[in-house]
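Trainee: When you get a sec, could you give me coordinates for this:
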Amino acid sequence: MLYPASSHVRKTFEQLVALLPAAEKSKPGTSLEQKTSVVLFIPEANEDDIMWSVPPPSLAAASESHDVTRVDHPQSLQEALATLLTALPGALLHTLPRNSPLYPALPETYSVYALAQESIGVTDHYLFTALHNARLTKDAYEVEAIRRANAISSRAHEVVMRVLGQAIKAGVRQGAAAADRPLLPGEWLIEKEAEAEAVFVASCRREGAVHQAYLPIVAASTRASTLHYCCNDREFSWGPVAPHDHHNTSAFASEEKQILPQVLLIDAGCEWDCYAADITRTMPVGNGGKFTPEARAIYSLVLEMQYASFALLKPGLHWDEVQLICHRTLIRGFQRLGIFRSGAEHTEEAILASGLGAAFFPHGVGHSLGLDVHDVPSVSKPTDGAGKVTVLGDGAKEGGEGKWGPANLYKYLRLRRPLEQGMVVTVEPGIYFSPHLLGHAQAYSSPFVNVEVLKQYESVGGVRIEDVVHITEDGYENLTTVRSDVEWLEGVCSGVL
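Mentor: Next up is the predicted model:
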């Protein structure tokens with residue numbers, strides 16, 4: 001498929017012109033009515049390097065894969081600049097930040113020439129912001145790439161679930177298939193976090209997705225309460241074992257060792273053509289592939305939080321509203337379960353105002369997604385010169401608690417602006433029973449908490465459910481295809497489906 005480079009350049013150019021002061025908008029080279037000329041400069045193959053690595057594409061190959069006016073090598077850039085600046089005297093040359101560790105330094109060969117021209121100005125104030133503003137919404141090409149990444153990643157999540165279910169259905173244990181040779185892929189079982197990660201990544205690679213979009217998070221048992229747990233190096237909890245025993249490193253060949261009922265949280269997604277997927281599924285392990293009653297209750301509540309979020313999604317909706325509905329849904333659910341008390345002194349509004357919900361749901365409900373997993377922070381959650389978050393639109397601003405509740409509910413929210421058509425975002429509510437967070441929030445001494453009921457749920461660890469959605473003209477499209485309803489999930493993980 002032809003990469004739409006010209007349309008992406010024009011989109012960035014439009015954003016750049018919008019940022020310029022009025023005096024700069026009248027300078028040569030700022031007209032949006034002229035046909036866009038795009039020259040792509042790619043590295044030239046080095047004969048000494050070809051033996052060691054794959055060479056860059058030829059000029060002809062790059063011309064066929066990218067929608068550009070011309071393709072050339074970097075040594076031609078100075079000549080191209082000279083031609084352009086001669087044709088547009090008084091123009092303003094825009095560069096990415098020149099003294100930033102995030103980008104390669106612009107060779108003096110190019111910058112010195114431009115700076116030497118008296119009629120030419122050079123600035124790095126606008127292009128970076130314009131580029132990020134352009135990336136906030138996705139075109140059809142980008143949505144299709146993200147859709148493909150999500151389809152592959154969705155199947156990889158299901159493959160892990162089905163390998164778990166296959167072992168339960170067949171009643172097999174690790175090592176039983178072949179004692180005198182390596183196990184073949186069809187004989188693999190999953191009894192460790194690393195094994196689940198290996199199966200997930202292998203499934204993605206089989207479908208042509210070479211890279212993961214980020215380090216997979218594969219957390220079993222109470223380790224699922226750590227948001228960005230990426231050690232992925234523990235075996236599933238088996239009994240009898242103490243709650244904080246991390247020395248269960250023996251093989252599972254012994255019939256006396258049974259995997260305890262627990263959850264397995266996998267937050268993982270591949271890249272396709274540099275565009276990311278980001279999917280989380282929490283599945284039952286042990287207990288015949290079924291959730292315990294406590295885990296099922298928490299999982300169902302997180303799913304309720306996600307469905308409530310989906311119901312709001314449309315252009316113009318402030319993302320803070322989605323965070324708020326998740327916290328309100330959590331409070332109501334905890335009151336139904338008895339974790340939070342109910343009554344005249346323990347109302348939903350009182351609990352919301354206390355900020356206690358952040359101890360159980362501490363992170364943001366989602367973020368923008370694209371070329372980066374968090375695409376891109378500078379415009380998704382902009383800050384002022386002092387580093388203070390600037391909430392765009394009518395969101396939860398400082399000093400405006402009221403309906404929004406306290407600021408700690410939004411502290412780690414990565415998107416603080418209204419939704420726009422074309423945005424791609426994740427929707428990923430979660431509930432966690434982290435000893436650290438609960439202790440820090442003094443949850444065990446809170447008048448809103450029934451401590452005895454809370455203790456019944458602590459062993460769940462954590463549950464997160466994450467899908468990727470595309471904001472459309474009048475709503476959204478879910479790009480994640482792996483199912484998350486309890487009946488299907490237990491059916492697959494138990495080997496019934």
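Trainee: quick one: contacts for Phe13?
Mentor: Leu32, Thr36, Ala130 (CB atoms under 8 Å, 6 or more residues apart in numbering). The C-beta positions use only the backbone N, C-alpha and C, and glycine is treated the same way.
Trainee: Of these, select the buried ones using a PyMOL command.
Mentor: Here is the PyMOL command that selects the buried residues among the contacts of Phe13 (16 or more other CB atoms under 10 Å):
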select buried, resi 130
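Trainee: Looking at the contacts of Phe13, spot the one nearest Gly357.
Mentor: Ala130 (37.6 Å; CB to CB).
Trainee: Pretty sure the closest one sits against Gln15.
Mentor: Yes: at 4.0 Å, Ala130 counts as touching Gln15 under the criterion of CB atoms under 8 Å.
Trainee: pLDDT below threshold where in the stretch 301-450 of the chain?
Mentor: 398-401 (pLDDT under 70).
Trainee: can you pull out the helices in it?
Mentor: 319-337, 348-354, 377-380, 401-404, 435-440 (DSSP state H, counting those that start in this stretch).
Trainee: Who are the packing partners of the third one?
Mentor: When contacts are defined as 3 or more CB pairs under 8 Å, 6 or more residues apart in numbering; DSSP states H and E, helix 377-380 sits against helix 127-136.
Trainee: who's in contact with the helix it packs on?
Mentor: Counting by CB under 8 Å, 6+ apart, residues outside helix 127-136 touching it are 8, 11-16, 18-19, 94-97, 368, 370-371, 375-376, 378-380, 420, 423.
Trainee: Apply 6 Å and report the result again.
Mentor: For helix 127-136, the surrounding residues in contact (CB atoms under 6 Å, 6 or more residues apart in numbering) are Lys11, Thr12, Gln15, Leu16, Leu19, His94, Leu96, Pro97, Gly370, Val376, Ser378, Val379.
Trainee: again with stretch 434-449
Mentor: For stretch 434-449, using CB under 6 Å, 6+ apart, the contacting residues are Ser225, Phe340, Arg341, His346, Ile351, Leu356, Ala359, Pro362, Val451.
Trainee: Quick check: chain neighbours aside, which residue is closest to the fourth one?
Mentor: Take His346 and drop its neighbours on the chain: the residue closest to it by CB to CB, 6 or more residues apart in numbering is Phe448, 5.5 Å away.
Trainee: For burial, what's the neighbour tally of that neighbour?
Mentor: Each residue near Phe448 was counted by other CB atoms under 10 Å, and the total is 20.
Trainee: Quickly note the distance from it to Tyr3.
Mentor: 53 Å (CB to CB, to the nearest Å).
Trainee: now swap in Leu189 and tell me
Mentor: For Leu189, the distance to Tyr3 - CB to CB - is 42 Å.
Trainee: Ok, Gly495 next?
Mentor: Distance of Gly495 to Tyr3, computed by CB to CB: 43 Å.
Trainee: again with Val54
Mentor: Relative to Tyr3, and taking CB to CB, Val54 is found at 19 Å.
Trainee: And the strands in the stretch 1-150 of the chain?
Mentor: 39-41, 70-72, 92-94, 121-123 (DSSP state E, counting those that start in this stretch).
Trainee: count of neighbours near Val389?
Mentor: 16.
Trainee: actually Pro435, sorry about that
Mentor: Neighbours of Pro435 using other CB under 10 Å come to 13.
Trainee: Buried ones in stretch 280-295, by neighbour count?
Mentor: For stretch 280-295, using 16+ other CB under 10 Å, the buried residues are 280-287, 289-292, 294-295.
Trainee: Take those and keep only those in helices.
Mentor: Those of those mapping onto helices are Glu294, Ala295, per DSSP state H.
Trainee: For Glu473, which non-adjacent residue is spatially closest?
Mentor: Gln421 (5.6 Å).
Trainee: My read is that that neighbour contacts Pro315, right?
Mentor: Yes: contact between Gln421 and Pro315 holds when scored by CB atoms under 6 Å: they sit 4.6 Å apart.
Trainee: and after the helix or strand in which Lys455 is found, which helix or strand comes next?
Mentor: If you go by DSSP states H and E, Lys455 is part of helix 451-457. Next helix or strand after helix 451-457 toward the C-terminus (DSSP H and E): strand 462-464.
Trainee: Pairing partners for that following strand, with directions?
Mentor: strand 430-432 (antiparallel) (DSSP bridges).
Trainee: Show me what the strand it pairs with is in contact with.
Mentor: Under the contact criterion CB under 6 Å, 6+ apart, strand 430-432 has outside partners Ser225, Ile298, Val302, Phe360, Phe361, Gly462, Val463, Arg464.
Trainee: make it 7 Å
Mentor: By CB atoms under 7 Å, 6 or more residues apart in numbering, the residues outside strand 430-432 that reach it are Ser225, Ile298, Leu301, Val302, Leu330, Phe360, Phe361, His363, Gly462, Val463, Arg464.
Trainee: before we move on, what about stretch 87-106?
Mentor: Residues contacting stretch 87-106 (CB under 7 Å, 6+ apart): 16, 24, 27-29, 85, 114, 119-124, 126-128.
Trainee: Alpha carbons only: can I get stretch 350-363 in CSV?
Mentor: Extracted C-alpha coordinates of stretch 350-363, given in CSV (Å, rounded to 0.1, in the frame of the first residue of the first chain):
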residue,chain,number,x,y,z
ALA,A,350,-19.4,11.6,49.7
ILE,A,351,-17.2,8.8,48.6
LEU,A,352,-16.4,10.5,45.3
ALA,A,353,-15.4,13.7,47.1
SER,A,354,-13.1,11.7,49.4
GLY,A,355,-11.0,10.6,46.5
LEU,A,356,-10.8,7.1,47.9
GLY,A,357,-11.7,5.6,44.5
ALA,A,358,-8.2,6.5,43.3
ALA,A,359,-6.7,3.8,45.6
PHE,A,360,-8.5,1.1,43.6
PHE,A,361,-8.5,2.8,40.2
PRO,A,362,-5.4,5.0,40.2
HIS,A,363,-4.6,5.4,36.5
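Trainee: Off-centre distance for that stretch?
Mentor: 23 Å (CA atoms, centre = their mean, to the nearest Å).
Trainee: ok, the residue nearest to His346 to Glu345 distance?
Mentor: Counting by CB to CB - Phe448 and Glu345 are separated by 9 Å.
Trainee: From Ser380, how far out is the closest residue to Pro382 other than its chain neighbours?
Mentor: Spatial nearest neighbour of Pro382, chain neighbours left out: Thr390 (4.8 Å); criterion: CB to CB, 6+ apart. According to CB to CB, Thr390 and Ser380 sit 11 Å apart.
Trainee: So the two - more neighbours on which side?
Mentor: More crowded of Thr390 and Ser380, by other CB under 10 Å: Ser380, with 23 against 11.
Trainee: how far away is the more buried one from Ser63?
Mentor: 34 Å.
Trainee: Pull stretch 81-97 out as CSV, backbone CA atoms only.
Mentor: Output of stretch 81-97 as CSV, limited to C-alpha atoms (Å, rounded to 0.1, in the frame of the first residue of the first chain):
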residue,chain,number,x,y,z
LEU,A,81,17.4,24.1,0.1
ALA,A,82,19.3,26.6,-2.1
THR,A,83,16.7,26.1,-4.9
LEU,A,84,13.8,26.5,-2.6
LEU,A,85,15.1,29.5,-0.7
THR,A,86,16.1,31.3,-3.9
ALA,A,87,12.6,30.8,-5.2
LEU,A,88,11.0,32.0,-1.9
PRO,A,89,13.0,35.0,-0.6
GLY,A,90,11.9,36.0,2.9
ALA,A,91,10.6,32.5,3.7
LEU,A,92,10.8,31.0,7.2
LEU,A,93,12.5,27.7,7.5
HIS,A,94,11.1,25.4,10.2
THR,A,95,13.0,22.6,11.9
LEU,A,96,12.4,20.3,14.8
PRO,A,97,14.0,21.4,18.1
